[in-house]
Each structure stands twice: as structure tokens, then as C-alpha cells.
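1. 3D model of this:
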Amino acid sequence: MPVTVRFLSAFQDLTHGRKIFFVDENRFSKILADLEKEIPGLKAKLLDQEERIHPAYNVMLIRGDVSHLCHGLEFKVENGDELVIVPIISGG
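-> As a prediction, the model looks like this:
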């Protein structure tokens with residue numbers, strides 16, 4: 001069972017409206033490399049200049065009923081996990 005990657009509204013310009021992708025990898029860095037082939041420009045938008053997750057986004061790992069906020073690119077994922085890439089919303 002592959003890892004599900006779900007994008008919210010901030011990435012619709014790159015994904016052409018597609019919200020869900022499936023990837024057979026076990027590390028977030030490898031998932032990004034695979035997705036970059038299907039979604040050119042993803043890494044440039046999601047990562048900062050130091051190749052870290054840009055502060056404007058959160059990556060949530062959902063495993064069963066538990067979710068975790070992910071930091072860095074080398075965290076492991078397992079078959080059946082879901083990653084949700086969420087823009088941080090702020091306002092005043």
C-alpha cells in the first residue's frame with residue numbers, strides 16, 4: 001500500500017487541481033524527489049534556500065488515528081501513511 005500525499009489549496013497551481021498523489025517510498029526526501037517529476041516546481045515552493053520545509057508550510061504525517069508535525073526531510077514513512085502538506089494560515 002503506497003503513501004498518500006494530500007495537497008491543500010496552496011499547491012493547486014502546481015498540481016493543476018489534483019489534490020492526492022500516491023508514492024512508494026519510505027522517506028520524505030525520496031517522496032519529494034518522486035513528486036517533483038510529476039509536479040515540477042514543488043521543491044522550489046515547499047523548501048527554503050537551506051533545503052528545509054519552508055516556514056509557510058507544515059507537513060503532517062498521519063498514521064492511523066495519530067498525526068505528527070514533521071520537521072526536516074529525512075523522516076520515515078510507512079505503507080498506508082498519509083502526508084498532508086498544509087499552508088500556515090495567519091491573519092490579523
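2. SS state for Ile31?
-> Taking DSSP: H, G, I helix; E, B strand; the rest coil as the rule, one finds Ile31 in the helix state.
3. got a list of what it touches?
-> Taking C-beta atoms under 8 Å, 6 or more residues apart in numbering, we find Ile31 in contact with 3, 5, 23, 25, 77, 83. Every C-beta, even on glycine, is put in place using the N, C-alpha and C of the backbone.
4. Quick one: which of the residues you listed is the most crowded by neighbours?
-> Neighbour tally across these (other C-beta atoms under 10 Å): the maximum, 24 neighbours, falls on Val5.
5. SS state for that one?
-> Of the three states, Val5 takes strand under three-state DSSP.
6. what bridges to it?
-> Counting by DSSP bridges, Val5 forms beta bridges with Phe21, Leu83.
7. Glu50 versus that one, what's the distance?
-> Distance of Val5 to Glu50, given as C-beta to C-beta, to the nearest Å: 22 Å.
8. helix/strand/coil for Gln12?
-> Going by three-state DSSP: Gln12 is helix.
9. Next one: it from Arg18, what distance?
-> The span separating Gln12 from Arg18 equals 8 Å under the rule C-beta to C-beta.
10. show me where this protein has helices.
-> Under the criterion DSSP state H, helices of the chain are mapped to 12-15, 28-38, 42-46.
11. Among these, which comes closest to Tyr57?
-> helix 42-46 (5.9 Å; C-beta to C-beta).
12. Determine the number of other residues adjacent to Asp34.
-> Asp34 has 16 neighbouring residues, counting by other C-beta under 10 Å.
13. what ranges of this protein fall below the confidence cut-off?
-> Scanning the chain for pLDDT under 70 picks out 90-92.
14. let's see 50
-> For the chain, no stretch has pLDDT under 50.
15. Tyr57: which of the contacts of Ile31 is nearest?
-> Minimum distance to Tyr57 across the contacts of Ile31 is 11.6 Å, recorded for Leu83 (C-beta to C-beta).
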